[in-house]
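**Q** Take this sequence and fold it.
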Amino acid sequence: MILVLQFFTLFRLLPRRRARIADLVLKCWSLQIGVSLLLKAPNYVTSKYQEVADWANLTFLIRLIVAVAINLFGTGLLVFSLLRERHQMLPARQY
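**A** Below you'll find the model as predicted:
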């Protein structure tokens with residue numbers, strides 16, 4: 001999905017602002033998937049050996065938390081830049 005968005009942005013088939021909004025939608029969608037996986041914690045992996053399952057579940061949980069944190073930071077930056085860009089596009093007040 002993101003590669004398709006980058007294709008449209010590269011060949012200027014989609015205006016820059018619309019591409020950034022589409023990127024925001026994709027980031028929010030992936031953030032929602034990550035949060036739903038976090039809510040399903042802690043049993044991601046099953047094994048007949050309990051130690052292996054515990055280790056794999058912990059490893060997956062840590063990686064998922066890091067991925068959600070990175071995605072949340074990127075989404076926040078994108079929202080901030082879109083809001084800042086919007087305020088710069090507003091007409092200046094005439095006094």
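**Q** pLDDT averaged over stretch 81-95, what's the number?
**A** On average, the pLDDT along stretch 81-95 is 68.
**Q** Now name the helix or strand holding the residue nearest in space to the middle of the chain.
**A** Taking C-alpha atoms, centre = their mean, the centroid of the chain lies closest to residue 27, which sits 3.1 Å from it. Assigned by DSSP states H and E, residue 27 belongs to helix 16-39.
**Q** Give the other helices and strands that that helix contacts.
**A** Under the contact criterion of 3 or more C-beta pairs under 8 Å, 6 or more residues apart in numbering; DSSP states H and E, helix 16-39 touches helix 2-10, helix 50-89. Any C-beta I mention is one placed from the backbone N, CA and C, and that applies to glycine too.
**Q** Show me which residues of that helix are buried.
**A** Under the neighbour-count criterion of 16 or more other C-beta atoms under 10 Å, helix 16-39 has 19, 20, 22, 23, 24, 27, 30, 31, 34 buried.
**Q** for stretch 55-66, same thing?
**A** 57, 64.
**Q** distance between it and the chain's centre?
**A** The chain centroid and the centroid of stretch 55-66 are separated by 18 Å under C-alpha atoms, centre = their mean, to the nearest Å.
**Q** mind saving the C-alpha coords of that stretch as PDB?
**A** Extracted in PDB, the C-alpha atoms of stretch 55-66 (Å, rounded to 0.1, in the frame of the first residue of the first chain):
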ATOM      1  CA  TRP A  55      10.700 -16.200  25.400                       C
ATOM      2  CA  ALA A  56       9.100 -15.900  22.000                       C
ATOM      3  CA  ASN A  57       6.100 -14.000  23.500                       C
ATOM      4  CA  LEU A  58       8.300 -11.600  25.400                       C
ATOM      5  CA  THR A  59      10.400 -11.000  22.300                       C
ATOM      6  CA  PHE A  60       7.400 -10.300  20.100                       C
ATOM      7  CA  LEU A  61       5.800  -8.100  22.800                       C
ATOM      8  CA  ILE A  62       9.000  -5.900  23.100                       C
ATOM      9  CA  ARG A  63       9.300  -5.600  19.300                       C
ATOM     10  CA  LEU A  64       5.600  -4.700  19.000                       C
ATOM     11  CA  ILE A  65       5.900  -2.000  21.700                       C
ATOM     12  CA  VAL A  66       8.900  -0.500  19.900                       C
END
